[in-house]
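# whatever this is, show me its structure:
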Amino acid sequence: MNTINHENFKLSSLKHNPTKKEIKIKNAVFGPNEIQLIMGPCAIESEKQLEEIANEVKNFGIKIFRACAYKPRTHPYSFQGMGEKGIQILSKIGEKYDLITETEVTDTRQVKMVSEKIDILRIGARNMQNFELLKEVGKINNPVILKNGLSSTIEEHLNAAEHILSKGNPNVILCTRGIRGFEPLERFTYDALSIPILKTLTNLPIIADPSHPTGNKELVLPLARAQIASGADGLLVEVHNNPYQALTDSKQQLNTNELPNFIEEIKKVAQATNRKIDLTKK
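Numbering: from 1, shown residues only. Presented below is the predicted three-dimensional model:
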């Protein structure tokens, strides 16, 4: 295997800090023993839509509810999200259903407001090397999920995390979501080795996104199985109560009525790796 300079990411390097990190947020822990499922719609579309999905997710024991108010889109005329109003809705519904909330930030000017209302902030693939944004989320204490970039290397992903850690925020969770490849039948190419390699390099928790690489909900479960089998500490999954009418990523979002089977199948793989899915006890 090619060598890597651990001095460039010494705060998260397993070589320098050999104890695997656990990141606690309310009643959930990201770490090597339990697997977190982060579920919810790609985008916040209305309060009614979000509440219906939150209710379903809660009923299945999911602790962490994801939904985006800010949507960086390839096409300027696509739905861009509800912005601050969406954050207000997500915060309100999170409190009502006692769910940990998670959302993406896309601009330094959003960080303070969002961090005061939402539990976990996410840096998306397009912003993995937005260094000013990385520094800004480094100034807060909320857990930050950092996705790998569209064409980034593993070392670049780790270096991006170091920007956050070096500013004082120790609560960084890496998320693998594939990179842009040449295969037209894959939305993004997911490297099955990325998680095992990261596990040998960093003490940070590592979760995986099975929704974006596939772009097809029929492929989400097979990929999710592989991600858990390879050691992922959690999954970031898009779920909608009516995916075919979703304003963003309609083809890759699971329907809420598909969750029981999805969760049961993931449980089997978790058990085979001597771990368990962290669900709220009913």
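# the residue sitting nearest the centre point of the chain in helix, strand or coil?
Centroid-nearest residue in the chain: Leu236, 4.3 Å away (criterion: Cα atoms, centre = their mean). At Leu236, secondary structure determined by DSSP: H, G, I helix; E, B strand; the rest coil is strand.
# from what I see, it and Arg66 are in contact.
Yes. Between Leu236 and Arg66 there is a contact under Cβ atoms under 8 Å: 6.5 Å. Yep, even glycine has a C-beta here, placed from its N, CA and C like the rest.
# so what sits against both of those two?
Jointly contacting Leu236 and Arg66 under the rule Cβ atoms under 8 Å, 6 or more residues apart in numbering are Ile38.
# residues contacting the residue nearest to the centre of the chain?
Ile38, Arg66, Ile145, Cys175, Arg177, Ile207, Ala208, Asp209, Ser211.
# got the buried residues for stretch 7-18?
Neighbour counts over stretch 7-18 (16 or more other Cβ atoms under 10 Å) mark Phe9, Leu11, Ser12, Ser13, Leu14 as buried.
# all strands of the chain, in order?
Using DSSP state E, the strands of the chain run over 23-25, 28-30, 34-40, 64-66, 100-104, 120-123, 144-147, 172-176, 206-208, 234-240, 254-255, 276-277.
# can I get those in TSV including mean pLDDT and distance to Leu50?
Output for those, formatted as TSV (pLDDT from 0 to 100; distance: least, Cβ to Cβ, whole Å):
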stretch	mean pLDDT	distance to Leu50
strand 23-25	96	20
strand 28-30	96	20
strand 34-40	96	8
strand 64-66	98	9
strand 100-104	98	10
strand 120-123	98	16
strand 144-147	98	19
strand 172-176	98	22
strand 206-208	98	22
strand 234-240	97	10
strand 254-255	96	16
strand 276-277	94	23
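# save those strands as JSON lines, and put in distance to Gly86 too.
Formatted as JSON lines, the strands of the chain follow (distance: least, Cβ to Cβ, whole Å):
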{"stretch": "strand 23-25", "distance to Gly86": "21"}
{"stretch": "strand 28-30", "distance to Gly86": "22"}
{"stretch": "strand 34-40", "distance to Gly86": "12"}
{"stretch": "strand 64-66", "distance to Gly86": "12"}
{"stretch": "strand 100-104", "distance to Gly86": "8"}
{"stretch": "strand 120-123", "distance to Gly86": "14"}
{"stretch": "strand 144-147", "distance to Gly86": "18"}
{"stretch": "strand 172-176", "distance to Gly86": "21"}
{"stretch": "strand 206-208", "distance to Gly86": "23"}
{"stretch": "strand 234-240", "distance to Gly86": "15"}
{"stretch": "strand 254-255", "distance to Gly86": "21"}
{"stretch": "strand 276-277", "distance to Gly86": "28"}
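# of these, which approaches Gly81 most closely?
Among the strands of the chain, strand 100-104 comes nearest to Gly81, with 8.9 Å by Cβ to Cβ.
# now the closest one - C-alpha only, PDB.
Output in PDB follows, covering the C-alpha atoms of strand 100-104 (Å, rounded to 0.1, in the frame of the first residue of the first chain):
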ATOM      1  CA  ILE A 100     -31.600  14.100  17.000                       C
ATOM      2  CA  THR A 101     -31.500  16.400  14.000                       C
ATOM      3  CA  GLU A 102     -29.000  16.500  11.200                       C
ATOM      4  CA  THR A 103     -28.600  18.800   8.200                       C
ATOM      5  CA  GLU A 104     -26.200  20.200   5.600                       C
END
